[in-house]
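Undergrad: Output the structure for:
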Amino acid sequence: MIGRVAVGLFFLLLIWGNLVAGMEAGLGCPDWPLCHGRVIPPGHLDTWMEFGHRLIAIAATLSLVLLARIRFRSYAGRARAVPVGALALIAVEIVLGGVVVLLELPADFTTIHFAIGLSVFLLVCYMAAFDGVARVPRLSVRGLAGLFFGIGALLFIQLVLGAFVRHSDSGLACTDFPTCAGSWLPAISSGKPFIQFVHRLAGYLVFLTTAVLCIMTRVDDRLDPYREDALALLAVCLLQIAIGVAVVLSHLVPAIAAVHLAVALGMIVLVGKMWARAAAAEGAP
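TA: Okay, the predicted model is just below:
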């Protein structure tokens, strides 16, 4: 139960943070840890978007502390590094969140802030999946588990690239699709168009990877048990591309951008589920 609550709170935290960035409300509370020098801030929308993000972060952190405490007791050996690592990362995340506000949202720091938050979310998902009693925690990256771990790593990089696009204001650097600045291979090597184009190329790579995985489940018997999940992943990937196009064509409507992130999180969770299944089949702790 606490695992599901923690996963839900961290999912909400990431989506809410995306909305805060999309509404340019990141400085709605220009100070930290107070907001406008007060415990309860004034009632402006941007202020309460940012303040709400902080309140959700408090609830998520408390759920993580409780979950990590329970899992540390039920885990053994090197698996205990998961709850300990999650607590260490959330401590860094809290401090970095304050630094990001005080430095007025530099793109590199806010992207690192997102990457750490995403890492914590994935560790929480791990602890929710492996309770240490009915399901023994696994850390395997061999065989099929290694394949799914690699796909998950690719998705992680793409999510972080997306965050950098958002925080560096590169979301509208290419206003056309599928071309960028009217070209399939624009002559750019730096700047916002380059950041946007790299994000698109990574998206194409994710699509090709999921398509190949889907095909492989039909020709390789070892992957046959993952056929339905691979097909679902490909379908969600196509949906994600369509939402990505809608984000650009809508000129970054915050709600659509938030859905874009939510679907991406769904993809990485689905791959995580496939990894957990393969790791359990490996039988190695």
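
Undergrad: V141 touches L147, doesn't it?
TA: No - counting by Cβ atoms under 8 Å, L147 is not a contact partner of V141; they are 9.3 Å apart. No exception for glycine: its C-beta is placed from N, CA and C like everyone else's.

Undergrad: Between those two, tell me which one has more neighbours.
TA: L147 (20 against 17; other Cβ atoms under 10 Å).

Undergrad: Return the residues in contact with the more buried one.
TA: A278 (Cβ atoms under 8 Å, 6 or more residues apart in numbering).

Undergrad: Next up, identify which helix or strand the residue most central in space within the chain is on.
TA: Centroid-nearest residue in the chain: L118, 4.3 Å away (criterion: Cα atoms, centre = their mean). Using DSSP states H and E, L118 sits within helix 107-129.

Undergrad: Who are the packing partners of that helix?
TA: helix 2-22, helix 45-74, helix 81-102, helix 143-167, helix 254-282 (3 or more Cβ pairs under 8 Å, 6 or more residues apart in numbering; DSSP states H and E).

Undergrad: Out of the ones you listed, the one nearest G28 is which?
TA: Nearest to G28, of all those, is helix 45-74, at 3.5 Å by Cβ to Cβ.

Undergrad: buried set for the closest one?
TA: 47-51, 53-54, 56-57, 60-61, 63-64, 67-68, 70-72, 74 (16 or more other Cβ atoms under 10 Å).

Undergrad: Same list (the helices and strands packed on helix 107-129) but as a markdown table, adding mean pLDDT.
TA: Putting these into a markdown table (pLDDT from 0 to 100) gives the following:
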| stretch | mean pLDDT |
| --- | --- |
| helix 2-22 | 94 |
| helix 45-74 | 94 |
| helix 81-102 | 92 |
| helix 143-167 | 94 |
| helix 254-282 | 94 |
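
Undergrad: what would those look like in TSV with distance to T111?
TA: As requested, the helices and strands packed on helix 107-129 are arranged in TSV below (distance: least, Cβ to Cβ, whole Å):
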stretch	distance to T111
helix 2-22	11
helix 45-74	16
helix 81-102	10
helix 143-167	5
helix 254-282	13
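
Undergrad: closest to A128 out of these?
TA: Proximity to A128 (Cβ to Cβ) singles out helix 2-22 among those, at 3.1 Å.

Undergrad: What are the buried residues along that closest one?
TA: By neighbour count on 16+ other Cβ under 10 Å, the buried set for helix 2-22 is 2-3, 5-7, 9-11, 13-22.

Undergrad: Who are the packing partners of it?
TA: By 3+ Cβ pairs under 8 Å, 6+ apart, helix 2-22 packs against helix 45-74, helix 107-129, helix 143-167, helix 254-282.

Undergrad: Of all the helices and strands packed on helix 107-129, which one is nearest G132?
TA: helix 45-74 (3.0 Å).

Undergrad: Distance from that closest one to the middle of the chain?
TA: Computed by Cα atoms, centre = their mean, to the nearest Å, the chain-centroid distance of helix 45-74 equals 16 Å.

Undergrad: relative to helix 254-282, how tilted is that helix?
TA: Interaxial angle of helix 45-74 relative to helix 254-282 (axes from the mean of the first three to the mean of the last three Cα atoms, to 10 degrees): 10 degrees.

Undergrad: Contacts only, for N18.
TA: Per Cβ under 8 Å, 6+ apart, neighbours of N18: R166, P254, A257, A258, L261.

Undergrad: Can you tell me the closest non-neighbouring residue to the residue nearest to the centre of the chain?
TA: Distances taken as Cβ to Cβ, 6 or more residues apart in numbering place L159 nearest to L118, at 6.0 Å, with adjacent residues excluded.
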